[in-house]
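K.L.:
Build me a model:
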Amino acid sequence: MAKVQIEFINTCPCCDEHGATIQDIAARYGDDIDVFIYNAGKDFGYLKKYGMISKGTMIINGVKRYENLSKEIIEQAISQAMAG
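P.N.:
Got it, this is the predicted structure:
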């Protein structure tokens with residue numbers, strides 16, 4: 001099974017909790033998930049891949065985007081990604 005890649009673009013201080021939530025949930029799966037947290041204005045690696053993003057966004061495997069985030073949505077999205 002290939003590793004699941006989760007990227008989170010943090011665009012504002014109110015999105016900080018989503019980054020922490022993603023890291024906590026991903027930790028449950030150990031080395032099967034790679035998590036990358038980008039901070040808009042400091043990290044620019046995501047711009048070439050996804051363009052300008054103005055809202056806290058979680059992207060799974062470079063394809064599936066989630067812009068309306070909550071703990072439940074993050075848990076469900078990661079669980080589905082791990083199920084294949």
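
K.L.:
low-scoring stretches of this structure, by residue?
P.N.:
Along the chain, segments meeting pLDDT under 70 span 1.

K.L.:
which residue ranges form the strands in the chain?
P.N.:
Secondary structure of the chain (DSSP state E): strands located at 4-10, 33-39, 57-60, 64-66.

K.L.:
Pull out the buried residues from stretch 48-62.
P.N.:
The neighbour-count criterion (16 or more other Cβ atoms under 10 Å) identifies 53, 56, 57, 58, 59, 60 as the buried residues of stretch 48-62. In short, each C-beta sits where N, CA and C put it, glycine included.

K.L.:
residues in contact with it?
P.N.:
Among residues not part of stretch 48-62, those counted as contacts by Cβ atoms under 8 Å, 6 or more residues apart in numbering are 4-12, 14-15, 18, 22, 40, 46, 65-67, 69, 74, 77-78, 81.

K.L.:
end to end, how far does that stretch reach?
P.N.:
For stretch 48-62, the first-to-last residue distance is 12 Å (Cα to Cα, to the nearest Å).

K.L.:
With stretch 46-60 instead?
P.N.:
End-to-end distance of stretch 46-60: 13 Å, with Cα to Cα as the criterion.

K.L.:
one step back: tell me which of the strands of the chain approaches residue 27 most closely.
P.N.:
strand 33-39 (8.5 Å; Cβ to Cβ).

K.L.:
any residues touching stretch 20-38, and which ones?
P.N.:
Counting contacts by Cβ under 8 Å, 6+ apart, the residues outside stretch 20-38 that touch it are 1, 3-10, 19, 45-46, 58, 71, 74-75, 78, 82.
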